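Student: Provide a 3D model corresponding to the input given below.
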Amino acid sequence: MNLSLTLTGWRQPARTNFHGVLMSVVVAVAAISLAEHYHVSAMLFALLLGMALNFLSIEGRCVPGIRFSASTLLRIGIALLGVRITLAQITALGAMPIAMVVLSVALTIGFGIVLAKMLGYRNRFGVLTGGAVGICGASAAMAIAAVMPAQADDNVKERATIFTVIGVSTLSTAAMVLYPMLVTALGFGGQHAGVFLGGTIHDVAQAVGAGYGMSKETGDVATIVKLLRVAMLLPVILVITLSYRRAHVAGPSGGPKPPLLPWFVVAFALLVAVNSAGLIPAALQQALQTLSTWLLVISMAAIGMKSHLKDFATVGLKPIVLMVSETVFLAVLVIAFIFFTR
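Tutor: Numbers count the residues shown, from 1 in each chain. Prediction:
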């Protein structure tokens, strides 16, 4: 192997992407700093700050790196979510909470699809918003959007993804504040409160923060239930991928169907298996979790840079009604489950 040719081949894309990746990292650093100070989603800050720098994605040296950050780095970050989950964490919950999570995710996505059609949107918008609400907020929205096939109206898909991220991040922050008061008013004990908070709050950080803000017991249960919802990302993406693959119609050139599973979904599953086997040292596991968070925030900054504020001027009320309705639907489902099983 000619080492000089290999290094040359590696340096060229690195040089091409450097400026755009660097700007995405700078925005991510600012977003995470603001999120830690104001206790608001770093994803939301990254998106809004990125949108303010939209001009960087129009022309210039940053364009390739912004595209790379919004696609490749996003997929790597999603794959690394697998180090958050082990099969032991899932089985430790017992059958009932697992059944609750599986049913609530499936029913929330189904409800999203039905309501989206009633409001005049495509099924995929219901899948996107329902998956974000039902699974793990902004991360789920980005993962689901990543497996949806590109079409002529891909700009519409990007706008839908960005709106979903903004909506789910806002709702998650509101839930972190309001839901602890709700479970107190409903008289839930520590374990039931943890099941509700972990089963309903959209983003991982907000679910964990709300849980430990009440008690250690509530925080521990909320964290495990929330991670179980994150684990649902794998089967949901598999079902979505198979659905679009089955519906794929080859063009005149006879193009191939999409792959059975995207590489980053396979990597996600492998990391869950390796982590479950205890083969990842604790220090490395923590480092990979941190890297995953950073990559997702960096990619969100890049997605923000690719967005145009004027595209959201005509959003209207219906998408807001859709996401709020999905959030209320999920909360009612989990409350009903707790009342019927305690």
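
Student: All the strands of the stretch 101-250 of the chain, in order from the start?
Tutor: Counting by DSSP state E, counting those that start in this stretch, the stretch 101-250 of the chain has no strands at all.

Student: what's near enough to touch residue 269?
Tutor: Going by Cβ atoms under 8 Å, 6 or more residues apart in numbering, residue 269 touches 82, 234. Placement of C-beta: from N, CA and C, glycine included.

Student: Distance check, it against residue 224.
Tutor: For residue 269, the distance to residue 224 equals 20 Å [Cβ to Cβ, to the nearest Å].

Student: next one: residue 207
Tutor: Note on residue 207: its distance to residue 224, by Cβ to Cβ, is 10 Å.

Student: Mind listing the shared neighbours of the two?
Tutor: In terms of Cβ under 8 Å, 6+ apart, residue 207 and residue 224 are both contacted by the residues residue 198.

Student: any idea where the helices of the stretch 101-250 of the chain begin and end?
Tutor: Remark: helices assigned in the stretch 101-250 of the chain by DSSP state H, counting those that start in this stretch are 123-131, 138-147, 154-185, 190-200, 204-214, 216-231, 233-247.

Student: Now those helices in TSV, please, with extra columns for mean pLDDT.
Tutor: Shown next, in TSV, are the helices of the stretch 101-250 of the chain (pLDDT from 0 to 100):
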stretch	mean pLDDT
helix 123-131	91
helix 138-147	84
helix 154-185	83
helix 190-200	92
helix 204-214	81
helix 216-231	83
helix 233-247	81
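
Student: Which one of those helices lies nearest to residue 323?
Tutor: Evaluated with Cβ to Cβ, those place helix 154-185 nearest to residue 323, the distance being 4.4 Å.

Student: Residue 327 - how many residues pack around it?
Tutor: For residue 327, the neighbour count with other Cβ atoms under 10 Å is 24.

Student: let me redo that: residue 44
Tutor: For residue 44, using other Cβ under 10 Å, the count is 24.

Student: Tell me who's in contact with it.
Tutor: Neighbour list for residue 44: 35, 138, 165, 166, 169, 170, 173 [criterion: Cβ under 8 Å, 6+ apart].
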